[in-house]
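Asks: Provided below are the primary sequence and the corresponding predicted coordinates.
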Amino acid sequence: MTTTQKRIRVLHQQLYPESNSLNQIQHNQTLARMSNRKEAVRVVVTGAAGQISYSLLPLIANGAMFGPDQDVILHLLEVEFVLPALQGVVMELEDGSYPLLKDIVATSDANVAFKDADFAILVGAFPRKDGMERADLLSKNAGIFKVQGQALDKVAKKSVKVLVVGNPANTNCLLAQHFAPSIPKENFTALTRLDHNRAKGQVAKKLGVSVRDVHNVIIWGNHSSTQYPDTTVGHVVVNGEKKSIRDAVNDNKYLEGDFISTVQKRGAAIIAARKFSSAMSAANAIVDHIRDWVLGTPEGEYVSMAVPSDGSYDIPEGVIYSYPVTCKNGKYTIVQGLTVSEFSRGKMVATYEELADEKKAALEQLQ
Ligand SMILES: NC(=O)c1ccc[n+]([C@@H]2O[C@H](COP(=O)([O-])OP(=O)(O)OC[C@H]3O[C@@H](n4cnc5c(N)ncnc54)[C@H](O)[C@@H]3O)[C@@H](O)[C@H]2O)c1
Ligand SMILES: O=C(O)C[C@H](O)C(=O)O
């Protein structure tokens, strides 16, 4: 035994008088490391055998959503006749050798899927097909979000954070919220981060810069073709120089015309090209939404989230409306005090009115 080994043994015996093996030191160190690990979070993904989930699940399992030190337990919900396909997804997750993936629950029972959930990502819905209007989706989807809201209310943690992706996302979110009265209203959100990312992408392309140089675009309202992608407070930073998007682009006709309609119609353009709705970019936006909500947004950075309207910017309460937000300590805050031009106001009200109509139609469906 070397002198160093002897000294370690003495030290070890002082620290652990009940043990006399060096292996025990290693064992205790391992136990200590394990006890420092954060408890695994339970993440529900509905529509788990669908195409968005196929891109999303590996991102959750590899730490992109919650960080590299957070174990996850995936709760996968599918309709019963799709369970055999879901088993294939489960096998692939097992074969992916993801160190953070602690366990998988795969089921067609909402009360099993939502049990003790920390996060619920509601993707499963009837997707819009080429030529179909979003309003057509309301009747197909209202029942799904009623049942899932009720299950959340009954068995999920009261702190569960909910993100609705399945369309019409804002109104489906409102329904889930309505049927889960025991969960704080502000825990219900819908995805407009994909639209936000699309808007950044269009500005970056126009200016020939990277998306990382584009900041504080805003999506107001509904995840639909009435959404208002707004660049009025956004800026770009190129070679250390900060400029408003308006000044950098220097083409208001574009920013108030083609830019807006390209972002509004991007989902439809992808359906027309792929014959399926967006999936890879949707999964990426879902990760961005939850990661920022949980881990926070960089100082001064706005992101877009559809959240319960609280009267901010004179949008009445009672709809799920996309606003610019910042996130800190697991909470989002709607950015206040931005100047709203007459042009912007018209677009913000139009998209609100669509949401109010969708709400009325959805509630009628359920009577
Ligand atoms: N908000 C956004 O930015 C955004 C972006 C893209 C797609 N979407 C929407 O996301 C949804 C899913 O898209 P996709 O391409 O993955 O569709 P998909 O058809 O590939 O997958 C949907 C899955 O949901 C399942 N499902 C249906 N009803 C269910 C229920 N009650 N419980 C559990 N699972 C159920 C289906 O069996 C299917 O496997 C669609 O509504 C689509 O329009 C939203
Ligand atoms: O509009 C759709 O159904 C597609 C999806 O919401 C998208 O924005 O890509």
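Replies: It's in. Ligands and ions are numbered 1, 2, ... in the order given.
Asks: can you list the residues of the chain near ligand 2?
Replies: Contact residues (Cβ under 6 Å from any ligand atom) of the chain with ligand 2: Arg128, Asn167, Leu194, Gly267, Ile270, Ser277, Ser278. No exception for glycine: its C-beta is placed from N, CA and C like everyone else's.
Asks: let's see it at 8 Å
Replies: For the chain, the contact set with ligand 2 under Cβ under 8 Å from any ligand atom comprises 127-128, 134, 137, 167, 169, 194-195, 223-224, 266-268, 270-271, 277-278, 281-282.
Asks: Start from the N-terminal end of the protein and give the strands.
Replies: 41-46, 72-77, 101-107, 119-122, 161-164, 188-190, 214-215, 218-220, 228-230, 235-238, 241-244, 303-308, 320-328, 331-334 (DSSP state E).
Asks: Any chance of CSV for the ones you listed, columns mean neighbour count?
Replies: Formatted as CSV, the strands of the chain follow (neighbours: other Cβ atoms under 10 Å):
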stretch, mean neighbour count
strand 41-46, 24
strand 72-77, 24
strand 101-107, 17
strand 119-122, 28
strand 161-164, 26
strand 188-190, 28
strand 214-215, 22
strand 218-220, 27
strand 228-230, 27
strand 235-238, 17
strand 241-244, 12
strand 303-308, 26
strand 320-328, 24
strand 331-334, 16
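Asks: Contacting ligand 1 as well, which ones from the residues of the chain next to ligand 2?
Replies: 127-128, 137, 167, 169, 194-195, 223, 267, 277-278, 281-282.
Asks: Which parts of this protein are helices?
Replies: Ranges of helices in the chain, per DSSP state H, are 3-15, 22-36, 51-61, 83-95, 110-113, 134-155, 169-178, 193-207, 245-249, 252-255, 258-264, 266-274, 280-295, 342-365.
Asks: what's the nearest residue to whichever residue of the stretch 251-367 of the chain sits closest to ligand 1 if we skip its chain neighbours?
Replies: Proximity of the stretch 251-367 of the chain to ligand 1 (Cβ to the nearest ligand atom) peaks at Ala282, 3.8 Å away. Excluding its sequence neighbours, the residue lying closest to Ala282 (Cβ to Cβ, 6 or more residues apart in numbering) is Ile52, at 4.9 Å.
Asks: Might you report the residue contacts of the one you found?
Replies: Residues in contact with Ile52 (Cβ atoms under 8 Å, 6 or more residues apart in numbering) are Val123, Val165, Ala279, Ala282, Ala283, Ile286.
Asks: Which residues does Arg219 form beta bridges with?
Replies: I think there's a mix-up here, since residue 219 is Ile and not Arg. Following DSSP bridges, Ile219 is listed with bridge partners Pro229.
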